[in-house]
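1. The sequence isn't on hand, but the structure is:
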Ligand SMILES: O=C(O)/C=C/C(=O)CC(=O)CC(=O)O
Ligand SMILES: [Ca+2]
Ligand SMILES: [Mg+2]
């Protein structure tokens, strides 16, 4: 598995994609739209419809405007760049990617991480709880999640300091303190929430979810498995995951992923009514999956290709569940899908699973073997989705390098 995702067939950042990000150029940080290998400096284009929101150093103001404005913006952008004839007029507003610094695309409000892959949950259950059923009794009735730490969500390229904490090796009677020796990744998709804030006590239904789902980022939920295994009973992940979560700089809109919508593979038992998909005008379902192909690269070797289409719970179901108790959502909230693992070994989205807790080390192209991350290691997540008329929608890259514990 050494080939890269094939992006040669068409341009993954063409007129069908147009993802949003935040960049710094000339000492000024603002919203931009990616076009090929340039950033379109949207707020500098004459008559740009949302120039005030785009002139700010985060996507939050634009996220708050809601779906109607997002559609207006997309139509304006596609008119602007869609026809080659227009390119001379926008040329002066395009800045080469190499000349800009990409920043965190949003100020993250609340951050929740789900657990929506049946294959991942089954694998982790087998590894962490070998004496129990791998899937807990609630797993197929609700999308399990936990509240994460929004303040430590960082943009791709940020170094990740190895966390220290308590762990209890099975051979020791009491815990020890020190740098994690089982540092791992989780390849996930992150969903960026927008639209008007919901009201306390009022759930967001499955049918309303699309008004709040603005777009997606690649997300790496760095996980210290030794810290996690000792601390997580009974309240779930805490310091083993809160030290850092990396997201990609480009937010690919749900509009750009329209052609990538696919039916879920099937839910049995049927979920409770508030989680049940309803038919939409185009004959699809409000509970749809996404046909996104990932690759996970470790020090230059592609070690896995997780397929997002195999996820059990849909994005809209996760959002409906997250608000069903009346908890509010606000523009800038972020939720992770949970680790993406497909049914095959070479489709697992964490090194815990790929190395089966260290028992089956992974061989890299440089001849070395690994089970967990070493200092200096670099992980890159990439993904693509199908666009309309054979176009490819790139989700870009999400990368991080491990630096020694402090
Ligand atoms: O099953 C467990 O005890 C732990 C599971 C995880 O670490 C996974 C997690 O963070 C959710 C996910 O990414 O799927
Ligand atoms: Ca996770
Ligand atoms: Mg994390």
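-> Thanks, I have it. Quick caveat, the model's predicted, so the values are computed rather than measured. Numbers count the residues shown, from 1 in each chain. Ligands and ions are numbered 1, 2, ... in the order given.

2. Going by neighbour count, list what's buried in the worst-scoring helix or strand of the chain on mean pLDDT.
-> Least confident helix or strand of the chain, by mean pLDDT, DSSP states H and E, is helix 87-91 with a mean of 80. Neighbour counts over helix 87-91 (16 or more other Cβ atoms under 10 Å) mark residue 90 as buried. Quick note: C-beta positions are derived from backbone N, CA and C, even for glycine.

3. Past that helix, which element shows up next along the chain?
-> Counting by DSSP states H and E, the next helix or strand C-terminal to helix 87-91 is strand 94-96.

4. Give me the helices and strands touching the least confident helix or strand of the chain, please.
-> helix 67-82 (3 or more Cβ pairs under 8 Å, 6 or more residues apart in numbering; DSSP states H and E).

5. helices or strands next to the helix it packs on in the packing?
-> Going by 3+ Cβ pairs under 8 Å, 6+ apart, helix 67-82 lies up against helix 60-65, helix 87-91.

6. buried sites along that helix?
-> 67, 69, 70, 73, 76, 77, 80, 81.

7. Pick out the most distant pair among the residues you listed.
-> 67 and 81 (21.3 Å; Cβ to Cβ).

8. Find the helix or strand that the closest residue to ligand 2 within the stretch 1-150 of the chain is a member of.
-> Closest residue of the stretch 1-150 of the chain to ligand 2, Cβ to the ion: residue 113 (4.5 Å). Assessed by DSSP H and E, residue 113 sits inside strand 111-114.

9. what's the residue with the largest distance to the centre of the chain in contact with, if anything?
-> Ranking residues of the chain by C-alpha distance from their mean position (Cα atoms, centre = their mean) puts residue 173 at the top, at 38.3 Å. Residues counted as contacts of residue 173 (Cβ atoms under 8 Å, 6 or more residues apart in numbering): none.

10. tell me the phi and psi of it?
-> Here is the backbone geometry of residue 173 (degrees, to the nearest 10): phi -80, psi -30.

11. Give me the pLDDT value at it.
-> On the pLDDT scale, residue 173 is placed at 95.

12. State whether residue 29 and residue 23 are indeed in contact, as I suppose.
-> Yes - between residue 29 and residue 23 there is a contact at 7.1 Å, judged by Cβ atoms under 8 Å.

13. just the helices in the protein please.
-> Along the chain, counting by DSSP state H, helices occupy 51-54, 60-65, 67-82, 87-91, 118-128, 225-231, 239-242, 315-323, 351-354.

14. looking at these, which is closest to ligand 1?
-> helix 118-128 (4.3 Å; Cβ to the nearest ligand atom).

15. if we look at that closest one, which residues are touching it?
-> 115, 132-136, 139, 144, 229, 310, 312, 338-343, 347-350, 352-353, 356-357.

16. hmm, which of these are the buried ones?
-> By 16+ other Cβ under 10 Å, these give 115, 134, 139, 144, 229, 310, 312, 338-342, 347-350, 352-353, 356-357 as buried.

17. Need the pLDDT of residue 1.
-> For residue 1, pLDDT reads 43.

18. any idea of the pLDDT on whichever residue of the stretch 201-350 of the chain sits closest to ligand 2?
-> Residue of the stretch 201-350 of the chain nearest ligand 2, by Cβ to the ion: residue 221 (3.6 Å). pLDDT, residue 221: 98.

19. thought it was touching residue 186?
-> Yes - using Cβ under 8 Å, residue 221 is in contact with residue 186, at 3.9 Å.

20. so what sits against both of the two?
-> When contacts are counted by Cβ under 8 Å, 6+ apart, the set common to residue 221 and residue 186 consists of residue 339.

21. out of the two, which sits in the busier spot?
-> Comparing residue 221 with residue 186 by neighbour count (other Cβ atoms under 10 Å), the higher total belongs to residue 186, at 27 against 24.

22. where are the low-confidence patches of this structure?
-> 1-10, 83-87 (pLDDT under 70).
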